[in-house]
Structures are given as C-alpha cells and as structure tokens.
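can you look at this prediction? I've put the sequence above it.
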Amino acid sequence: MIKTLFNASAINFLGALTSYSIVVFLAQLGSDGAYAEFLYMLTWALLIGSFIDFAGESVFVKYARHVESLVEAFSLLFSLKVIGFLTVIILFFSTNNFFNLLDFKFLFLMLPIFHLGTMFEYLNKNLTYVLVLFFEKIILFFLLYYVTKGVGFSDSVFYVYLIVNLFSILLQFSILRAKISFVRKNLFINFIEYTKLYYPMFFVLQLHLIYGYYTRLIIESRNGIEAFASVAIALQIINIASLFQSQVDRTFRSPIFEAIEAKSRKSFIQATRKYLFFTTFPIILGCCLLYLIADFIGNTLFPEGYSGLVICIKILSIAPFSVNMIRLGDAIFTGMHNTKINMLITFLAVVLLVINTLLLNNASTESYLLVLIVVQFLHGIVSVVTGITKLLFKELRAI
C-alpha cells in the first residue's frame, strides 16, 4: 500500500509540476484580465460539478462494498451524473439569468465529473489512474501552447480543455471496459438506499465548497476581479500542492473502511498511524516549504496584474494540512455510516466562517483568508478528534 502511494505520489509530483506550468503559462498569457475571467468560470464549473457528483468521489468505494457490486454502484452514480449534467445544460439554455452570469463554455470545464478515479480505487489500480491524469496534463500543456502561440488567450483555451477532457474520459472507459457495464436492475431501489445512507455526506461536501468558492466569490464581490484572481491563483497553487492528498484518499480509505467493518480497534489504530506518518507529516513539511518559496512564486513567475498573490499564498500555505485532517475525518465518519455527526461539525464550521466574513466590512483580502484558514484548521482538528474518540471508545472492540 505504502509503495503504491509513493510511486503514485512521484508521478503526481510530475503532474503537479505540469499543472503548475499550465497555471503560470495561462496567467502570463491572460494577464490583461482574460485569465481572471477564465478562473471565474472555472470556479462556477467546479461548484456546480460538485453538486452533480452526488458525493460519489467520497463514498463510491464504500457504497460499492456495501452493495457488493461494482456494476450496480457504477450504474447508479453514472446515471445520476448524466441526469445532473443534462439538467444543468437545459437550465443554462432556458434561463436568461445564466447568460448574464456565464458563458456556455464553462460546461467544458465540468466534464471531469465523469472521471472514473473511484473505480480505479475500488479495483486497486490507483497507479494506472495517476498515469492517465499525468498524460492528460502533458497533452493539455502542449496543446495550450500550440493553439495560443501568436494568438494569445482566446476561446481556443476552452476548446482545448474540452478535447483533452473528452480524450481522458474515453481513455479511462477504454482501460476499464472489461469491468464496466450498465444495468437497470435495482436502479431505483439503490437510489433510495444511496440517498438514505449518504445524503448527510452530500451536504458535508457542499458545505466544504464554501471554504474555497464562497470566499473567492465574496472577495470578488467586495474587493474586485484583481483580488479575486490573486486568491484564485493562490488556491490553484495550493490545490496543486494538495494533489498528494487525492492519492492519500484513494490509498487509505479502503484500509480504514475495512478496519471499521471488521470492528478491529487494532487495525484502525494501525491504519491511522500510517496515515499520520506517511501523509500528514510530509504535508506539514510541504506547507512549510510552500510558505518559504511564496515570494519566489509570486514575484518571479507571475506578471503584473496579480498584486497580493504572495501574501495570499503564505496565508493559505497551511490549508493542505487542514484538508488532510478533514479528509481523515470524512473517511472515519463514512466508514461508520455515521455522516450526520460529520455534517453537524461541518455545518457549524461553515456558519462560523460565513458570520465572520459577513462581519468584515471594507476589509482587506488577507482578512477574509485569515478567517478561512483559522476556521478550516479548527474544523479539521475537531472532526478527527471527534471521529477517533467515537470509534475507539464506542464503536470498536480490541482484537
């Protein structure tokens, strides 16, 4: 397990460098405000995409284990995503309000919701999925460079994302074609059961969105598009640094689920210790490194037009640690099928965030980010402590 994690993380590191190169390239290309508009549409695409993912990214593996059928789990989640995506398209082209807010090309940026990463995780093929994503980023970078050469930032950027996203999805389906099939059997019954089991987790994930997207949008509303761009770029850089976390989720979720299902206190403690040693400790070191190189990133690699980027990166550098804790809490509560407690903790954290940001009148961008990272940090610690305490003293027996 650990060997796979580090092999995948090494490839993820190369993918992160490529992703970072894309961010720098597009930021320099669209320094006149075009990239800020792109980030605005990307924010909405990710926000809406999370709604129509129906918590699949977090609970698919647990649900497939629960129903003891990969095919049934895939059929249900894929159906929900297709219905959700078609609903967004219909609403977009039938509601004038959307036209005033977004360009239709934001739909191209929503396609990653159809990635099959959770299926690769279920089948213990995480390394294969990481390789697919790595080559996706390589192709994306070279295509963006080719189509924008001599032209600048234009609509062609969105069409490149469309082509690369479709290619990646088709490649993933091709790799797993022997395991993928669609069945209508028990589809409605499974939908009812899935809803009862995981609706709290769905709300938890939507509340998580408020951390990044609510903060970005309120900053854009109060401090302008330039401040929004600096925050959005800083968060993109942080997200690139957090690619390691996505591999952590896919590697450690199953052992945690297995320990909880077996009601083994010993196995759970072992899995948690490995999580903390092999993931949390390296992430803490990464947070320190990110803080130290923030000046180089902001002042050397990004052009004029993104003032405040350095301080945004420094403030947000602790975010990967908070996310690492929050994801551990999510895994524990999902494994227990007790996501209502997780939903309550997340709801209280978000209420605290919203109230404090609304009280900030004419505040600097840094003030909003400080509120964000403090609340997120507390959320992570409370979630993990509550989950582990409930498991060790109420749910699990020593074996």
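That came through, no problem.

use CA for all of it now, contacts and neighbours both
Will do.

count of neighbours near the residue lying closest to Ile219 once chain neighbours are set aside?
Spatial nearest neighbour of Ile219, excluding adjacent residues (Cα to Cα, 6 or more residues apart in numbering): Phe228 at 5.9 Å. Number of residues near Phe228 (other Cα atoms under 10 Å) recorded here: 25.

got a list of what Phe228 touches?
By Cα atoms under 8 Å, 6 or more residues apart in numbering, the contact list for Phe228 reads Ala36, Arg216, Leu217, Ile219, Glu220.

can you pull the buried residues of the helix or strand harbouring Ile90?
Following DSSP states H and E, one finds Ile90 within helix 70-94. Neighbour-count burial for helix 70-94 flags 70-81, 84-85, 88, 92 (criterion: 16 or more other Cα atoms under 10 Å).

swap in stretch 194-214?
By 16+ other Cα under 10 Å, the buried positions in stretch 194-214 come out as 194, 197-214.

surely the residue nearest to Ile219 is within a helix?
Yes: assessed with DSSP: H, G, I helix; E, B strand; the rest coil, Phe228 lies in a helix.

now it: how far from Asn361?
Phe228 sits at a distance of 17 Å from Asn361 (criterion: Cα to Cα, to the nearest Å).

one step back: mind checking which of the contacts of Phe228 are in helices?
Using DSSP state H, Ala36, Arg216, Leu217, Ile219, Glu220 are the members of these that sit in helices.

would you mind measuring from the nearest residue to the last one once chain neighbours are set aside to Phe296?
Leaving aside its sequence neighbours, Glu220 sits nearest to Phe228 (Cα to Cα, 6+ apart; 4.8 Å). The span separating Phe228 from Phe296 equals 21 Å under the rule Cα to Cα.

where do the helices of the stretch 1-150 of the chain begin and end?
Assigned by DSSP state H, counting those that start in this stretch, the stretch 1-150 of the chain shows helices spanning 2-29, 34-53, 56-67, 70-94, 96-101, 117-122, 126-148.

could the ones you listed be laid out in a markdown table, adding mean pLDDT and distance to Leu109?
Converted to a markdown table, these look like this (pLDDT from 0 to 100; distance: least, Cα to Cα, whole Å):
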| stretch | mean pLDDT | distance to Leu109 |
| --- | --- | --- |
| helix 2-29 | 72 | 15 |
| helix 34-53 | 84 | 6 |
| helix 56-67 | 84 | 17 |
| helix 70-94 | 91 | 12 |
| helix 96-101 | 56 | 16 |
| helix 117-122 | 89 | 17 |
| helix 126-148 | 90 | 13 |
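
how about CSV for those, with distance to Phe393 added?
Below are the helices of the stretch 1-150 of the chain laid out as CSV (distance: least, Cα to Cα, whole Å):
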stretch, distance to Phe393
helix 2-29, 28
helix 34-53, 34
helix 56-67, 23
helix 70-94, 32
helix 96-101, 50
helix 117-122, 29
helix 126-148, 33
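
the closest residue to Gly308 other than its chain neighbours: how many residues sit nearby?
Nearest residue to Gly308, sequence neighbours excluded (Cα to Cα, 6+ apart): Ser230, at 6.4 Å. Ser230 has 24 neighbours, counted by other Cα under 10 Å.

for Ser230, which residues are in contact?
Contacts of Ser230 by Cα under 8 Å, 6+ apart are Tyr306, Ser307, Gly308, Leu309, Cys312.

of all those residues, which comes closest to Phe51?
Among those, Cys312 lies closest to Phe51 (Cα to Cα), at 27.2 Å.

was I right about the closest one contacting Leu369?
Yes: using Cα atoms under 8 Å, Cys312 is in contact with Leu369, at 7.4 Å.

for Val164, which residues are in contact?
Glu136, Ile139, Leu140.

could you rerun that using 7 Å?
Glu136, Leu140 (Cα atoms under 7 Å, 6 or more residues apart in numbering).

give me the element it is part of.
Counting by DSSP H and E, Val164 is part of helix 156-175.

which of the residues in that helix are buried?
For helix 156-175, burial by neighbour count (16+ other Cα under 10 Å) applies to Val157, Phe158, Tyr159, Val160, Tyr161, Leu162, Val164, Asn165, Leu166, Ser168, Ile169, Gln172.

and the nearest residue to Met325 once chain neighbours are set aside, what element?
Spatial nearest neighbour of Met325, excluding adjacent residues (Cα to Cα, 6+ apart): Gly380 at 4.7 Å. Using DSSP H and E, the element containing Gly380 is helix 365-390.

state the mean pLDDT of that helix.
In this model, helix 365-390 has a mean pLDDT of 91.

buried set for that helix?
Within helix 365-390, the residues scored as buried using 16+ other Cα under 10 Å are 365-366, 368-369, 371-373, 375-377, 379-384, 386-388.

show me the shaky parts of the stretch 101-250 of the chain.
Applying pLDDT under 70 to the stretch 101-250 of the chain flags the ranges 101, 212, 240-243.
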